[in-house]
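Asks: what's the 3D shape of this:
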Amino acid sequence: MSVQFIRERMLTAVNPVHGAEPPRHWQQRKSAGTRLRLVEAAIECLVESGYASFSAAHVAQRCGVSRGAMHHHFATRMELVAATIDHVFYKRMGRFLDAYLEALAANEDLSSVEIASEVHWQSVHSREYSAYVELAMAARTDRELAQQFVPQAQRYDSIWFDEMSRAFPQWQTHWDDMRLANDLTTVAHMGMLVLEPVLGQGERSARIRRLVTQMVETLHRDR
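Replies: Here you go, the predicted structure:
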């Protein structure tokens, strides 16, 4: 099974609409384009101003559309939030898989664990990941947001592991170890990103990253 095939299947599982054929009618294409621009603007607003300042009016202004146009595409603020969450997860997975494929082809001397760890660390500095962190933090205390965010986060997690189990059957008898390796990398990198103002981007951060990679490599070698 090719990695490219796995990529397409995973992205389709996250959101089949994104991989569908574009609408044939120009009005539908225009509407889909405006909707996408609004969601992209919503991500920028989250990254720059945080969820506490997030509003449909702010997004509409940034996107350069009227409030009426915003209301046409997203009747409520939470409809916009839900679409933004969906887009963030889709773009996160797509960007990671694309970067991993490129790095895998360009770094034949490195192990897949080293490559995956480095690519994941790079991915946590993307704007989509910044929006994800903002949503995750805000969902801790905002019940309405949590009702939208948590099920999508759990679904994303489930899709990721389901596909990984198909892509790497040699791990299936030790699936808990692979999940542990993934979870360790995820929580370590997220924590490092949040604490980056304290840890810095120099040797202190690099040592932590190397330790995480070594621990994952140990799990990989043992299995």
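
Asks: out of everything not next to it in sequence, what's closest to residue 42?
Replies: Nearest non-adjacent residue to residue 42, counting by C-beta to C-beta, 6 or more residues apart in numbering: residue 84, 4.4 Å away. Where C-beta positions appear, they are placed from N, C-alpha and C, glycine not excepted.

Asks: and that neighbour, its phi and psi?
Replies: phi -70, psi -40 (degrees, to the nearest 10).

Asks: quick one: it and residue 6, what's the gap?
Replies: 26 Å (C-beta to C-beta, to the nearest Å).

Asks: between those two, point out the one with more neighbours.
Replies: Set residue 84 next to residue 6 and count neighbours by other C-beta atoms under 10 Å: residue 84 wins out with 24 against 17.

Asks: ok, the more buried one touching residue 46?
Replies: Yes - at 7.2 Å, residue 84 and residue 46 qualify as touching, with contact defined as C-beta atoms under 8 Å.

Asks: who's in contact with the one residue sitting closest to the centre of the chain?
Replies: Centrality entry for the chain: nearest residue to the mean C-alpha point is residue 92, 2.8 Å, by C-alpha atoms, centre = their mean. If you count contacts by C-beta atoms under 8 Å, 6 or more residues apart in numbering, residue 92 has them with 123, 126, 128-129, 132.

Asks: which helix or strand contains it?
Replies: helix 77-106 (DSSP states H and E).

Asks: count the neighbours of the spatially closest residue to residue 36 that is not a sequence neighbour for me.
Replies: Leaving aside its sequence neighbours, residue 36 sits nearest to residue 87 (C-beta to C-beta, 6+ apart; 8.0 Å). Residue 87: 20 surrounding residues under other C-beta under 10 Å.
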